[in-house]
Structure formats: structure tokens, C-alpha cells
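Student: no FASTA, just this:
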């Protein structure tokens, strides 16, 4: 059910937003998030930056479990 909701959410975002994600820039961070307010980013004590989805994936980031 979660996967279906995320799929619907992603399909109805404007195309520019589909390609943008947020990441915590630290040595231990390895997840990307569709929204800056995702609860998975709460623990980030470093800078949160917007990146393209492809760039984040290319750097080894994977989808946050709260977005899954």
C-alpha cells in the first residue's frame, strides 16, 4: 500500500519536483528524501541540500525508508 501511495504521489508532482531530492551532507548520510520536511532528515546535524535525483543516486544515496 505504501508503494502505491508513493507512486501516486510521484506521478502527480510537477516534473521539475520529481527530479529534485534532499540529502544530508555528512559522512554517514546515505538516503535521499522527496521533501525537506521528511522525518528522516530530523537527525541531520549538517547541511541539507537539494540535488537532482540522478545526482543523488549517482553518489550512492538510496530512498529514505519513510518515503518507501
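Tutor: Here it is on my side, so go on. Predicted, not measured: the structure shown is a model, and the values here were computed from it.
Student: could you pull out the strands for this protein?
Tutor: Taking DSSP state E as the test, the strands found in the chain are 20-25, 31-33, 47-52, 62-63.
Student: tell me which residues of stretch 37-46 are tucked away?
Tutor: For stretch 37-46, burial by neighbour count (16 or more other C-beta atoms under 10 Å) applies to 38, 40, 41, 44. For the C-beta atoms, the positions are set from N, CA and C on the backbone; glycine is no exception.
Student: Could you dump those into TSV with pLDDT and distance to residue 52 added?
Tutor: Listed next are the buried residues of stretch 37-46 as TSV, based on pLDDT from 0 to 100; distance: C-beta to C-beta, whole Å:
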residue	pLDDT	distance to residue 52
38	95	17
40	94	19
41	96	17
44	95	19
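Student: May I ask which two of these are separated the most?
Tutor: By the measure C-beta to C-beta, 38 and 44 form the most distant pair in these, at 10.0 Å.
Student: so what's the closest residue to residue 61 other than its chain neighbours up against?
Tutor: Sequence neighbours aside, residue 32 is the residue nearest to residue 61 in space, at 4.3 Å (criterion: C-beta to C-beta, 6 or more residues apart in numbering). Counting by C-beta atoms under 8 Å, 6 or more residues apart in numbering, residue 32 touches 21, 22, 23, 51, 53, 56, 57, 61, 62, 63, 64.
Student: Compare the residues you listed and tell me which has the most neighbours.
Tutor: When neighbours are counted by other C-beta atoms under 10 Å, residue 21 leads the contacts of residue 32 with 26 neighbours.
Student: got the contact list for the one residue sitting closest to the centre of the chain?
Tutor: When C-alpha atoms, centre = their mean is applied to the chain, the residue found nearest the centroid is residue 33 (1.7 Å). Going by C-beta under 8 Å, 6+ apart, residue 33 touches 21, 22, 23, 40, 41, 64, 66, 67.
Student: I'd say residue 64 and residue 40 touch.
Tutor: Yes - here residue 64 reaches residue 40: they are 4.0 Å apart, a contact under C-beta atoms under 8 Å.
Student: shared neighbours, those two?
Tutor: Residues touching both residue 64 and residue 40 by C-beta under 8 Å, 6+ apart: 31, 33.
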